[in-house]
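In: pasting the structure only:
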């Protein structure tokens, strides 16, 4: 038996910490892969169960914990897709999303970095960026949605992008200036 059997409180604390630190990103990633929030929640739960079972490997400090979690989640989604593909369909399944193909970890990491950076800018800046870049709205549409004049949307987007760049550059960029 592994160390996790002798230290269940350590493994449980690890899972709580993993969920607190990576749960949101993991759910966003799984939702993107599955296209279904409920299925994504199942994938996150199973990923955390596997993390609990392999707590010793995660505690040894080798490699990226987030990378490990994302890999497990991707493998679970892939395994589920393969299982659906080999079993006969009892009811016609509608596939309106592309199958999971290849390794797109770089785009996932970039998305997570941007999501983390968005959490660090002001709510007003975040709202404008979400409206313009994630929802694809024009300045006029975003202004209407946010209940502010179009000039305010333009100004906020300018300063929001500056703030986002500063957050993403990190503290070492501040020292270099």
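Out: Yep, that arrived. Computed from a predicted model, the values in this text were never measured in an experiment. Numbers count the residues shown, from 1 in each chain.
In: Nearest spatial neighbour of the residue positioned nearest the centre of the chain, chain-adjacent residues omitted?
Out: A centroid search over the chain (CA atoms, centre = their mean) returns residue 25, at 2.6 Å, as the residue closest to the centre. What sits nearest to residue 25 in space, not counting adjacent residues and going by CB to CB, 6 or more residues apart in numbering, is residue 112, at 4.7 Å. (Each C-beta comes from the backbone N, C-alpha and C, glycine too.)
In: just residue 141 next, same as before
Out: Residue 141 sits nearest to residue 131 (CB to CB, 6+ apart), 7.5 Å away.
In: That neighbour touches residue 144, doesn't it?
Out: No - Residue 131 lies out of contact with residue 144 (CB atoms under 8 Å); the separation is 9.7 Å.
In: Settle it for me: which of these two has more neighbours?
Out: Set residue 131 next to residue 144 and count neighbours by other CB atoms under 10 Å: residue 131 wins out with 22 against 14.
In: Could you list the low-confidence segments of this structure?
Out: The model of the chain has pLDDT under 70 over residues 1-9, 11, 61, 88-106, 109, 170-177.
In: Outline the domain layout of it.
Out: The chain is divided into the following domains under automatic domain parsing: 1-89, 120-170.
In: Can you convert the ones you listed into TSV and add a column each for distance to residue 108?
Out: Supplementary listing: the domains of the chain in TSV, determined by distance: least, CB to CB, whole Å:
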stretch	distance to residue 108
domain 1-89	6
domain 120-170	16
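In: just so I know, which of these lies nearest residue 107?
Out: The minimum distance between residue 107 and the domains of the chain falls on domain 1-89, with 9.4 Å, by CB to CB.
In: what distance separates that closest one from the centre of its chain?
Out: 13 Å (CA atoms, centre = their mean, to the nearest Å).
In: Neighbours of residue 136, how many?
Out: 9.
In: mind listing the strands for this structure?
Out: Counting by DSSP state E, no segments of the chain form strands.
In: need the longest helix for it.
Out: Ranked by residue count, the top helix of the chain under DSSP state H comes out as helix 8-34.
In: Which strands and helices lie in contact with that one?
Out: With contacts taken as 3 or more CB pairs under 8 Å, 6 or more residues apart in numbering; DSSP states H and E, helix 8-34 sits against helix 37-53, helix 55-59, helix 65-86, helix 105-118.
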